[in-house]
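A.B. asks: Whatever this is, show me its structure:
(one chain, ligands or ions: 3)
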Amino acid sequence: FLPGRLGGQSSMHDEIKEVLISEEALQEKIKDLGKQLSEDYQDRFPLVVGVLKGALPFMADLIKRMDIHLEIDLMAVSSYGASTVSSGEVKIIKDLDTSLEGRDVIIVEDIIDSGLTLSYLVQLFKHRNANSVKIVTLLDKPTGRKVDIKPDLTGFIVPDAFVVGYGLDYIERYRNLPYIGVLKPEVYEK
Ligand code: 5GP
Ligand code: MG
Ligand code: MG
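C.D. replies: Ligands and ions are numbered 1, 2, ... in the order given. Have a look, this model is predicted:
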């Protein structure tokens with residue numbers, strides 16, 4: 001037993017100010033995205049590349065809605081320090097195991113903000129001779145864009161606010177929320 005939890009004293013959900021996208025809305029949209037991708041990639045055996053860690057829940061649900069043969073791989077990247085962010089330099093923490101030669105790659109992202117991470121990945125994958133590189137993102141924050149990059153498929157457009165949940169973190173927490181929300185301001189003061 002976790003006595004503190006039994007009285008409902010401390011739930012992670014109490015730290016959320018507002019739910020922006022409910023679990024039901026996420027799942028409905030992911031069903032549609034999966035259907036679209038199944039049509040687009042029929043008989044093409046795409047390589048679905050998830051960008052860790054944020055894309056993990058989205059990718060897990062999305063591939064279950066894709067009724068085609070596919071392969072998956074994962075990549076972990078991080079931006080260099082804030083001072084070099086504008087250079088678009090991205091550090092590879094974990095690279096792919098799969099050769100991209102001639103492959104039809106679908107990059108799965110949690111959110112596109114500045115677009116720097118994705119523009120780096122698209123260039124890298126093309127350089128590795130992928131046949132095609134498409135982007136599916138759960139969320140898009142177009143107001144944050146620093147480079148001209150557009151996802152091929154988008155789940156939801158979000159306003160210029162810091163969102164958490166369903167893969168998206170605040171100092172590594174809240175990735176396990178089943179919905180997308182915004183934190184109460186007092187959470188940042190802790
Ligand atoms: P960018 O498009 O700026 O290169 O990077 C996108 C990454 O920044 C996302 O994968 C995510 O890790 C992080 N990010 C951008 N906006 C948000 C947000 O509103 N909330 C959270 N938790 N992460 C964000
Ligand atoms: Mg990401
Ligand atoms: Mg993060």
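
A.B. asks: contacting residues around the most centrally placed residue in the chain?
C.D. replies: Centroid check for the chain by C-alpha atoms, centre = their mean gives Asp110 as the closest residue, at 1.4 Å. By C-beta atoms under 8 Å, 6 or more residues apart in numbering, Asp110 lies in contact with Val51, Gly54, Ala55, Phe58, Thr137, Leu138, Leu139, Tyr166, Gly167, Leu168. For every residue, glycine as well, the C-beta is placed using N, CA and C.

A.B. asks: residue contacts, the nearest residue to it once chain neighbours are set aside?
C.D. replies: The shortest distance from Asp110 to any non-neighbouring residue, by C-beta to C-beta, 6 or more residues apart in numbering, is to Gly54 (3.4 Å). Applying C-beta under 8 Å, 6+ apart to Gly54 gives the contacts Glu109, Asp110, Ile111, Gly167, Leu168, Asp169, Arg175.

A.B. asks: Checking the first one next. Helix, strand or coil?
C.D. replies: The reference is to Glu109. strand (DSSP: H, G, I helix; E, B strand; the rest coil).

A.B. asks: can you tell me which of the contacts of Asp110 are up against ligand 1?
C.D. replies: Gly54, Leu168 (C-beta under 6 Å from any ligand atom).

A.B. asks: Helices of this structure, start to end?
C.D. replies: Assigned by DSSP state H, the helices in the chain fall at 3-6, 23-40, 56-64, 116-127, 185-189.

A.B. asks: okay, those, which one's buried deepest?
C.D. replies: The highest average neighbour count among the helices of the chain, using mean count of other C-beta atoms under 10 Å, belongs to helix 56-64 at a mean of 19.

A.B. asks: What is it packed up against?
C.D. replies: The helices and strands touching helix 56-64, judged by 3 or more C-beta pairs under 8 Å, 6 or more residues apart in numbering; DSSP states H and E, are helix 23-40, strand 47-52, strand 104-112.
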